[in-house]
Structure formats: structure tokens, C-alpha cells
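K.L.:
how would this look folded up:
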Amino acid sequence: MISVVLKNNKIMMIRKANGTDAKELLGYLKKVGGESGNLTFGSEGIPLTEAEEIAYLNKVSALEHYTMLLGIVDDEIISAGSLSGIDRPRIRHNAEIGLSVKKAYWHQGVATAMMQALIDFAKNGKVVSNIMLSVRTDNEHAVHLYHKCGFQTLGRHERHVKINDQYYDTYIMQLMLPLRKDTSHD
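P.N.:
Have a look, this model is predicted:
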């Protein structure tokens, strides 16, 4: 568990999600999905039942190349971040990051702390050496954060996101970690 003092002087705890977080996490995702057009889902959240979310969180919690982290303030989820690895042997050194923050906590240092925790998870593991993400090109704050964290822009995916018949381009970004031998299957 990591403790972070936010710009508003609140304390955020960052910890790994588990099955007992499923109900609150699903509610959180509906909330943030309705607050931002920068996510891959809206106020409908993600299409999982509570039981499916419990099973998913329990399954992935043991994987070396995957983590779901929660940012907690006053016993409330205010951020969720995931580092999702790939199981296929030839590309398992790649992972994708996803991150969300409740609007009330934007610009408080939450996203920076969560990104660093996700990157540290990958650096401390034995598998991931490339981290990818996509971000809407008009999401200037997120693009700035990712550059600050060392991500490089690889390209532009035109008309990648469609919201209410409006198309948005995304940047494809990558952070390359130092190479090391994957010993997880030796």
C-alpha cells in the first residue's frame, strides 16, 4: 500500500484491487464514465455483473503482468488504474495502461501518483518491458502527464473514438522499460 498527500492535502491510499471491491468499483466506473468523454465507456460503466467482476479481480490479482490499483480517499474509490499484460509468449512483454480519476479529484496529483504506481509495478516485475496506452489528442492534461512519465508518442489513430456521432483521434503512446530476461516461465 502506498500513501500519497494530494494537492488538496487529503491522503490517498493506493492499493491492489480484490474481489471485495467489485460492487464499489462497478459503481465508480459508472460515475467516472458519466463525468468524462475521455474513457472507452460512458455512464453505463463496463458490461460485467458484480459476480463477474469478483471473478475477474480474483483471477487477475495473481498474475505477474497485470494489476488493478485503486486510489482511496476517506474509504471511497477516487481512482482506478490497470496495467494489463498479454498472455501470448511472443508479445507478453507488452502491457496496456488504463487510468481514470473522479472529476472532483482532477488536478490534485492523483493521476501522477497512480501512473507512477502502475509503472513501478511493471518495473519491479519480471515480464513487462513495453507499456502502451491511447489517449484522445484533445485531452491535453493527460497527454502532458504521459509525456512527463516518459511516454513517447508513436502515432495517431484517426477517428478512433466515437461519442454522439462525433469522432475523435487518439495518440498511441509507449514507455519502454529497461530490457531484462523474463524468468516467469523458466
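
K.L.:
CA only for contacts and neighbour counts going forward, please
P.N.:
Fine.

K.L.:
can you list contacts of the least confident helix or strand in the chain by mean pLDDT?
P.N.:
Taking mean pLDDT, DSSP states H and E as the measure, the chain has helix 50-60 as its least confident helix or strand, at a mean of 91. Residues outside helix 50-60 that contact it (CA atoms under 8 Å, 6 or more residues apart in numbering): 17-23, 26, 66-68.

K.L.:
again with stretch 12-22
P.N.:
With CA under 8 Å, 6+ apart as the test, stretch 12-22 has contacts from 1-6, 50-51, 53-58, 61, 67-73, 110, 114, 117.

K.L.:
re the thing from before, counting only helices, which of the contacts of helix 50-60 make the cut?
P.N.:
Among the contacts of helix 50-60, the subset assigned to helices under DSSP state H consists of 22-23, 26.

K.L.:
Which stretches in this protein count as helices?
P.N.:
Remark: helices assigned in the chain by DSSP H are 22-35, 50-60, 110-124, 140-148.

K.L.:
Can you tell me which of the ones you listed is nearest to Ser82?
P.N.:
Closest of those to Ser82 is helix 110-124, at 7.1 Å (criterion: CA to CA).

K.L.:
Pull out the buried residues from the closest one.
P.N.:
Neighbour counts over helix 110-124 (16 or more other CA atoms under 10 Å) mark 110-111, 113-115, 117-119, 121-123 as buried.
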